[in-house]
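Engineer: missing the sequence, but the structure's below:
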């Protein structure tokens with residue numbers, strides 16, 4: 001469906017970097033971001049919207065810690081925390097979107113799906129924990145938690161002497177309910193799905209789904225979903241209007257158009273930030289490699305102005 005687009009909202013769509021993250025701030029940011037998508041609906045697009053959840057899951061984990069320490073409330077595993085964040089953020093986005101649709105006179109239904117994403121239990125990420133989550137701990141606290149809970153920690157690159165829990169970040173291989181999502185969007189229903197990369201699950205030896213302590217990259221999961229439902233376009237909305245090589249350096253350069261050959265060369269030259277832009281570039285490239293028409297990486301407020309945004313195609 002060439003008029004089907006998957007929109008992956010970055011974390012800043014809901015909580016800005018300089019904010020506390022109050023519910024009032026999150027409602028305003030969500031509303032402001034969603035308004036930028038309305039022109040796509042007016043142009044006849046069907047939409048699937050995904051979203052990040054990093055700050056929210058971090059807050060949930062800290063509430064876990066506080067509840068255990070102060071009230072002896074058992075901690076919930078990471079898959080449950082991701083599901084919690086999907087439900088809360090999905091509700092918020094859906095309510096804001098429904099109100100905006102009413103203001104614009106657009107007759108569209110919206111549904112939020114708490115989405116599971118399947119990973120392979122043999123993914124090499126389970127041998128190399130890289131995704132930092134939760135709060136900072138002293139070395140003594142981290143050691144005690146590692147002994148008592150079996151958690152893995154790495155020292156913070158920004159705050160020496162402080163440690164954060166790290167978990168695997170495996171690649172998604174299947175999106176549960178992808179067929180249902182496709183059927184809904186084919187009927188013109190706006191679907192909010194795959195939030196935070198999806199709830200991480202795997203199939204055990206009996207073929208049963210089990211939750212896993214992991215975090216899936218939101219953009220990679222959104223790219224996979226876009227491919228599986230036959231979307232023609234994939235948009236990643238972040239906090240910059242373009243992709244840059246050498247971002248933040250004196251050699252910074254705007255990249256308006258990228259193809260597979262150029263991207264592979266730039267990745268080899270380490271032109272993109274490992275923990276920020278590189279996963280987005282890989283997700284965008286994966287989409288066009290698997291048959292998507294184009295990917296676009298840009299800032300939400302610049303989406304309608306086609307003078308902005310980095311466009312990624314296969315050739």
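Structural biologist: Ah, there it is. Treat the numbers as computed from the prediction; the structure is a model and nothing was measured. Numbers count the residues shown, from 1 in each chain.
Engineer: please identify the buried residues of stretch 243-263?
Structural biologist: Residues 243-245, 247, 255, 258, 263 are the ones in stretch 243-263 that count as buried (16 or more other C-beta atoms under 10 Å). All C-beta atoms are positioned from the backbone trio N, CA, C, and that covers glycine.
Engineer: show me where the protein has helices.
Structural biologist: Secondary structure of the chain by DSSP state H: the helices cover 23-35, 38-42, 54-71, 78-104, 139-149, 178-186, 218-228, 260-268, 277-289.
Engineer: average model confidence for the third one?
Structural biologist: Averaged over helix 54-71, pLDDT sits at 90.
Engineer: one more: stretch 182-199?
Structural biologist: Mean pLDDT, stretch 182-199: 97.
Engineer: mind listing what's buried in it?
Structural biologist: 182, 184-185, 189-199.
Engineer: widest-spaced pair of the buried residues of stretch 243-263?
Structural biologist: Maximum pairwise distance among the buried residues of stretch 243-263 (C-beta to C-beta): 15.1 Å, between 247 and 263.
Engineer: where are the low-confidence patches of the chain?
Structural biologist: Counting by pLDDT under 70, the chain contains low-confidence ranges at 1-2, 275.
Engineer: repeat that for 80
Structural biologist: For the chain, residues meeting the criterion pLDDT under 80 lie at 1-2, 11-12, 17-18, 134, 158, 273-276.
Engineer: give me the longest strand you can find in it.
Structural biologist: Longest strand in the chain by number of residues, with DSSP state E as the criterion: strand 131-138.
Engineer: for it, packing partners?
Structural biologist: If you count contacts as 3 or more C-beta pairs under 8 Å, 6 or more residues apart in numbering; DSSP states H and E, strand 131-138 packs onto helix 54-71, strand 162-167.
Engineer: now the longest one, how far from the centre of its chain.
Structural biologist: Centre-to-centre, helix 54-71 and its host chain are 20 Å apart (C-alpha atoms, centre = their mean, to the nearest Å).
Engineer: sorry, back to before: which ones among the buried residues of stretch 182-199 are found in strands?
Structural biologist: Using DSSP E, these in strands are 190-192, 199.
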